[in-house]
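Student: sequence and predicted structure below; questions after.
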Amino acid sequence: GLKRREVNVLCLGLDNSGKSTIINHLKPASARVQDIVPTIGFSVEKFSTSSLSFTVFDMSGQGRYRNLWENYYREAQAIIFVIDSGDKLRMVVAMEELDTLLNHPDVKHRRIPILFFANKMDLRDALSSVKVSQLIGLDRIKDKPWHISGSNALTGEGLQEGVEWLQDQIR
Ligand code: GTP
């Protein structure tokens, strides 16, 4: 049959932003789990698009585990960075973590595509994806392709658009 190209993706973002819920929704319905719990350390998941087979390292966003992220930068061919659009208080923390990522030697000079999800757009007080991108300063990313999609990981809204963009960056 058709052999899909294998791609390693790193899924990053603060705790509670919705990383595991997003990854769960990208899997075929039969492979999804009912209850998502906070990730301890990291979890390895798989999902496919028409041409690619993604292996996702879904990293815990909790402060005490964030130092694990950098161990996976070198192997990653793409990054998904998730932001909780309703968490205004921690927007600056998300920006700092993005800074650390962008300045890491295993990321800095690579043309690695970064897909941002401005997640939880269903929340009544959620910021728009334009506002999120301003607050975390995405326009400073000059040497990598990036894209931001508003998403609702509970319904799946916005996820496909983002993943299609990522697929186009990789082939
Ligand atoms: P860590 O594993 O701690 O890093 O968290 P995570 O980023 O993987 O978040 P997780 O997927 O566990 O989701 C955290 C909470 O947010 C859960 O209660 C989810 O149901 C909820 N959630 C995720 N996405 C959305 C969304 O788009 N809208 C709403 N309203 N809730 C969401």
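Tutor: Okay, I see it.

Student: ranges for the helices of this protein?
Tutor: Here the chain has its helices, by DSSP state H, at 19-26, 91-102, 129-135, 159-170.

Student: near the ligand at all, the last one?
Tutor: No. Under the criterion of Cβ under 6 Å from any ligand atom, the ligand is not reached by helix 159-170; the shortest gap measures 9.5 Å. The way it works is simple: take the backbone N, C-alpha and C, and place the C-beta from them, glycine included.

Student: tell me the mean pLDDT for that helix?
Tutor: The pLDDT scores in helix 159-170 average 96.

Student: now it against helix 19-26, angle please.
Tutor: 90 degrees (axes from the mean of the first three to the mean of the last three Cα atoms, to 10 degrees).

Student: for helix 159-170, list every residue counted as buried.
Tutor: Residues of helix 159-170 classed as buried by neighbour count (16 or more other Cβ atoms under 10 Å): 159, 162-163, 165-167, 169-170.

Student: circling back: the helices of the chain: which one's closest to Glu70?
Tutor: Evaluated with Cβ to Cβ, the helices of the chain place helix 91-102 nearest to Glu70, the distance being 8.2 Å.
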